[in-house]
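In: quick one: sequence and predicted model below, then my questions.
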Amino acid sequence: MSNSTLSTTSTMTDSTRLKPLTATTAVDTERTETAIEARHLNIFYGAFKAIHDVSMAVEARKITAIIGPSGCGKSTLLRAFNRMNDFVPTARVEGEISLHGHNLYAASVDPVEVRRRVGMVFQKPNPFPKSIYENIAWAARLNGYRGDMDRLVEDSLRSAALWDEVKDKLKQSGLSLSGGQQQRLCIARTIAIRPEIILMDEPCSALDPIATIKIEELMQELKKQYTIIIVTHNMQQAARVSDRTAMMMLTEDGKRSGTLIEFDDTNVIFTRPKDKRTEDYVSGRFG
Amino acid sequence: MATIPLPPKAIDSYRPNLVGRHAAGRTWETIFLAATMVGILGLVLLMFNIINNAFGIVAYADKNDYSLFSPVPVEQLADSDLIALLTNELSTGAINKLNTEKALTTRSRSELLSLVYERILERKVVASSTLDQALFARADFEAEALAKNEAAQFVFRSWLSPEFLTEPMSSQALFSGVRTAILGSLLLITLTIAIALPIGTGAAIYLQEYADKSLINQIIETNIYNLAGVPSIVYGMLGLAVFVRALEPLTSGAIFGVTESNGRTVLSAAMTMALLVLPLIIVNAQEALKAVPDSLRQAAYGVGATRWQTIWHHVLPQAIPGILTGSILAVSRAIGETAPLIVVGASTFITADPTGPFSGFTALPIQIYNWTVQPQAEFHNLAGAAILVLLVLLLTLNASAIILRNRLSARRVL
């Protein structure tokens, strides 16, 4: 299964500084193959510690949901996985996040490469103000894609379950689509550059229920090939789509840092959590 | 207004005082309306003053009677006779000079007549009136003019005329135009844009997209904002010291083999003007860049774009309409600037068109200033007409900014 990602990756010109999936140090069973792992991660905004000591191993080709109350650092943690926090001038990261045993925060790692390998879908659909075709082609071209561009655009749109809706209007602006379509276009754009991991930051919070269901169905398709980490406010969504759930909460030492309090299979988290706070939260008794 | 009845037995502890609140609102509305009216009144007075100067009756007289040169009034002579007359009466040098400007044979009848009036009959203004004098005190004006010169003839004149736009400057108000000044201003503005736009946009991109929020960068930014308020004469002094004097080999064109000029060239003036508008351009361009939503930058970074690719492919195309509009508005400030031009040495009297960045030049505001300080009324008429030209130039520039912005924003795929 790992070979499918590998073969597409090799069509890119700049692919090999982070070792491809074959080099993984994970244990041999598919169940515990680790795609990306945070170790003792602390994130600071200036003097404020936003994330306190998070360690989690995200399994490959699974959907991992990060849930927790507002302001507990879910998005901050998610953005640490592809170094998007680099753009916050005061942000500082301690600890490490490793992709195939490489620390993404090592001095030798180029964050631009990280973001190609770990793609991201944002809360608000943000297609480029370009044509639907260009939305996908731009990212691929940027990363040195040398193959058949028309083919890639079609494949990506098909994978994002958008092809049938847009195949006759590829020249139209990406912004002319509906919110749900825009979000799927953003997903298509992300998978066009064949990342290994897709981060989703509340991808459905700006969408209506029907568009939400489409995205959720799409995620089930995508996880056959990609590892997905999704931040969501919606616990039903986490229960519906995810295989693993990470529960985050503010620390109780008065510093209001976010930390991971429980990380387990989703059905465990939602039916027999070990932590009382998780139980309160998932059963709606929190706050 | 009728009060809506309360339900029975309701305890009403609110005193809405609707009448008082509405009255206060109306009072403020009136005050704001008055403020608007004051502004409009100011504009109307300004326009009246300009137009009042640009039109009026002119009393003129010929120093030399036509009978000295021609049996019939010169108006009745054929074009060839006019040319013959000019060739006979003027020195060979003067004729050669006229011919190099524009061959006599290719000149139109009215141009030839103007030459005859100016050079042979030596037609001069006796007195000149404003528009309100022409309309309401014509008799007084005419009596006054006749007292000065009993041969005075009267004609209603629009000082803003096609000849005014196409003729170079002249010491005779009747035959003076603003061609050199218009060309000077246009050349100046073009050079200013060419210098200031790339530098200003570049600085804005650096400050907005690259610079971190360190103390030094914040100090730099604040100082740029403050520079936008520095009086223009200060830039004039700077331009004189740096561009006219220190950089004379460059600004006079000496290093490019141009020998006939000193540092007081269009290029010096344009560099000074560019410095003057640079802070405004930087501030405007920064605002335009700030207005580009961060989600767009994140989208680009999220698919593995570098910072420069993000800026070049997404941020700049979005910001360009704003940057251009801001820059044109900033440059239109420069069009009307007089003080720095005086200091860097624009010529007040020049009849030759500017030929390139290394030529001496005059500009519309300089010309206007120069005419306003003359004692004779006819030069004030000329100044009024030149102000109208300047205003039209300014409005054209601003309108082009708006059209450009609208077209560029429409062309973006949205």
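Out: Thanks, I have it. Predicted model only: the values in this text are computed from it and were never measured. Residues are numbered from 1 along each chain as shown, chains lettered A, B, ... in the order given.

In: could you pull out the helices for the stretch 101-250 of chain B?
Out: Under the criterion DSSP state H, counting those that start in this stretch, the stretch 101-250 of chain B contains helices at B:109-115, B:131-136, B:138-148, B:162-166, B:179-205, B:215-227, B:232-239, B:248-251.

In: looking at those, which is nearest to A:Arg92?
Out: When the helices of the stretch 101-250 of chain B are compared by Cβ to Cβ, helix B:215-227 sits nearest A:Arg92, at 18.5 Å. Glycine gets a C-beta too; all of them are placed from N, C-alpha and C.

In: check which residues of the closest one are buried.
Out: Buried residues in helix B:215-227, counting neighbours by 16 or more other Cβ atoms under 10 Å in any protein chain shown, are found at B:Glu221, B:Ile224, B:Leu227.

In: run a quick neighbour tally on residue 271.
Out: By default, I'm working from chain A. 11 (other Cβ atoms under 10 Å in any protein chain shown).

In: meant chain B actually
Out: That count, for B:Met271 with other Cβ under 10 Å as the rule, works out to 25.

In: that one touches B:Ala246, doesn't it?
Out: No. B:Met271 is beyond contact range of B:Ala246, at 11.5 Å (criterion: Cβ atoms under 8 Å).

In: and chain B, which of its residues are near chain A?
Out: With Cβ under 8 Å from any Cβ of the partner chain as the criterion, chain B meets chain A at residues B:212-213, B:293, B:295-306, B:309, B:313-314, B:317-318, B:412-414.

In: in the stretch 1-150 of chain B, where is pLDDT below threshold?
Out: Low-confidence segments of the stretch 1-150 of chain B (pLDDT under 70): B:1-2.

In: for it, which segments count as strands?
Out: With DSSP state E, counting those that start in this stretch as the criterion, the stretch 1-150 of chain B has strands at B:55-62, B:123-128.

In: which residues touch the last one?
Out: Okay, so that is strand B:123-128. Strand B:123-128 is contacted from outside by B:56-63, B:117, B:141, B:144-145, B:148-149, B:152, B:172-174, B:376-378, B:380-381, using Cβ atoms under 8 Å, 6 or more residues apart in numbering or on different chains.

In: pull out the buried residues from those.
Out: Here, 16+ other Cβ under 10 Å leaves B:56-62, B:117, B:141, B:144-145, B:152, B:173-174, B:377-378, B:380-381 buried among these.

In: neighbouring contacts of stretch B:318-334?
Out: Residues outside stretch B:318-334 that contact it (Cβ under 8 Å, 6+ apart) are A:129, B:188-189, B:192-193, B:196-197, B:200-201, B:204, B:273, B:276-277, B:280-281, B:283-285, B:287-289, B:291-292, B:296, B:394, B:397-398, B:400-402, B:404-405, B:408-409, B:412.

In: out of those, which are buried?
Out: For the contacts of stretch B:318-334, buried by 16+ other Cβ under 10 Å: A:129, B:188-189, B:192-193, B:196-197, B:200-201, B:204, B:273, B:276-277, B:280-281, B:283-285, B:288-289, B:292, B:296, B:401, B:405, B:408.

In: give me the neighbour count for A:Ile132.
Out: 30.

In: look up how far A:Ile210 lies from it.
Out: Per Cβ to Cβ, to the nearest Å, A:Ile132 is found 21 Å from A:Ile210.

In: with B:Glu167 instead?
Out: Applying Cβ to Cβ, the value for B:Glu167 to A:Ile210 is 73 Å.

In: please apply the same query to B:Thr348.
Out: The value you get for B:Thr348 to A:Ile210, if Cβ to Cβ is used, is 75 Å.

In: residue contacts, the residue of the stretch 51-200 of chain B found nearest chain A?
Out: For the stretch 51-200 of chain B and chain A, the shortest gap (Cβ to the nearest Cβ) falls at B:Leu197, measuring 23.4 Å. Applying Cβ under 8 Å, 6+ apart to B:Leu197 gives the contacts B:Ile281, B:Ser327.

In: again, 6 Å this time
Out: B:Ser327 (Cβ atoms under 6 Å, 6 or more residues apart in numbering or on different chains).

In: A:Cys72 is in contact with A:Leu250, correct?
Out: Yes. Under the contact definition of Cβ atoms under 6 Å, A:Leu250 touches A:Cys72, with a separation of 5.3 Å.

In: quickly list what's touching both of these two.
Out: A:Gly258.

In: helices along chain A, start to end?
Out: Assigned by DSSP state H, chain A shows helices spanning A:2-9, A:74-80, A:111-117, A:132-142, A:149-159, A:163-166, A:179-192, A:209-222, A:235-241, A:266-271, A:276-282.

In: nearest to B:Phe32, of those?
Out: Comparing the helices of chain A by Cβ to Cβ, helix A:179-192 comes nearest, at 40.4 Å.

In: dump the C-alpha coordinates for the closest one into CSV.
Out: In CSV, the C-alpha atoms belonging to helix A:179-192 read as follows (Å, rounded to 0.1, in the frame of the first residue of the first chain):
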residue,chain,number,x,y,z
GLY,A,179,-18.6,26.8,-0.6
GLY,A,180,-18.6,23.0,-0.5
GLN,A,181,-17.3,22.8,-4.1
GLN,A,182,-14.6,25.3,-3.2
GLN,A,183,-13.5,23.2,-0.3
ARG,A,184,-13.3,20.1,-2.4
LEU,A,185,-11.3,22.1,-4.9
CYS,A,186,-8.9,23.0,-2.1
ILE,A,187,-8.7,19.3,-1.3
ALA,A,188,-8.1,18.5,-5.0
ARG,A,189,-5.3,21.1,-5.1
THR,A,190,-3.7,19.5,-2.0
ILE,A,191,-3.8,16.0,-3.3
ALA,A,192,-2.5,17.1,-6.7
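
In: helices or strands up against it?
Out: Counting by 3 or more Cβ pairs under 6 Å, 6 or more residues apart in numbering or on different chains; DSSP states H and E, the packing neighbours recorded for helix A:179-192 are strand A:118-121, helix A:132-142, helix A:149-159.

In: sorry, back to before: of the residues of chain B next to chain A, buried ones?
Out: For these, buried by 16+ other Cβ under 10 Å: B:296-305, B:309, B:313-314, B:317-318, B:413.

In: excluding its backbone neighbours, what's nearest A:Lys223?
Out: A:Ile63 (5.2 Å; Cβ to Cβ, 6 or more residues apart in numbering or on different chains).

In: what's the burial count for the one you found?
Out: The burial count for A:Ile63: 26, using other Cβ under 10 Å.

In: got it, and A:Met235?
Out: Quick note: A:Met235 (other Cβ under 10 Å) scores 17 neighbours.

In: distance-wise, check it relative to A:Ser159.
Out: Taking Cβ to Cβ, one finds A:Met235 at 28 Å from A:Ser159.

In: B:Ser295 too?
Out: On the measure of Cβ to Cβ, B:Ser295 and A:Ser159 end up 23 Å apart.

In: one more: B:Lys213?
Out: Shown here: B:Lys213 relative to A:Ser159, a distance of 40 Å by Cβ to Cβ.
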